[in-house]
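J.: Quick check, what structure comes out for this input:
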Amino acid sequence: MILSCILVFNLLVLYSFLVSKKHLHLFEILVYFFTFSFLLQDFVAIIWVNLGLVEVTEKIDLYWGVVFNRMILFPILQVWFLNLYANAESWVRKLFLFVIYDAVLVVVIGLTARLGLIKLIHWNLGGAAIYWTVSLLLGIWMRKGFLKLLYAEVKC
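T.: Next up is the predicted model:
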């Protein structure tokens, strides 16, 4: 039951992103998606597996829910943030988007723990908030560097 709810939620978020208006180029979306996915997998490998700060459930169907969240939901939410951030004009709106998306990502981790998919051993939601903040800031930094590179190519 939980797996089907997670799968439906992931597909709804993916579909919503696909039909929403894009302010990023397809190449940018792919680069950001794969970069965020790669960073999240490394983070999970270090924090969850090597340090043992988070335990994943032993039930195979619940484990697939964790995998769907890591592979689809989190990277899509981060790319969606960058898409909206690219359209935001004022710094107030950008800050508001940043805080909202950071909170949404932390709440998803909290819900994952609450539903029993993961067990937070020596890890808390504050650590998750720090990770998502750094990850979103890295995405903003990558976007600025990517735009600088594109503008340099256009001027040549």
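J.: rest of the way, CA atoms for contacts and neighbours
T.: Noted.
J.: which residue is nearest the middle of the chain?
T.: Nearest residue to the geometric centre of the chain (C-alpha atoms, centre = their mean): residue 74, 3.0 Å.
J.: list the helices and strands the helix or strand hosting residue 82 packs on?
T.: Using DSSP states H and E, residue 82 maps to helix 74-87. Here helix 74-87 touches helix 2-19, helix 26-44, helix 91-114, helix 125-155, going by 3 or more C-alpha pairs under 8 Å, 6 or more residues apart in numbering; DSSP states H and E.
J.: quick one: which of those helices is nearest residue 59?
T.: helix 2-19 (10.8 Å; C-alpha to C-alpha).
J.: Just the buried positions in the closest one, please.
T.: 3, 6, 7, 10, 13, 14, 17 (16 or more other C-alpha atoms under 10 Å).
J.: quick one, that helix and helix 91-114 angle?
T.: Inter-element angle recorded for helix 2-19 and helix 91-114: 160 degrees (by axes from the mean of the first three to the mean of the last three C-alpha atoms, to 10 degrees).
J.: That's all I had, so thanks and see you.
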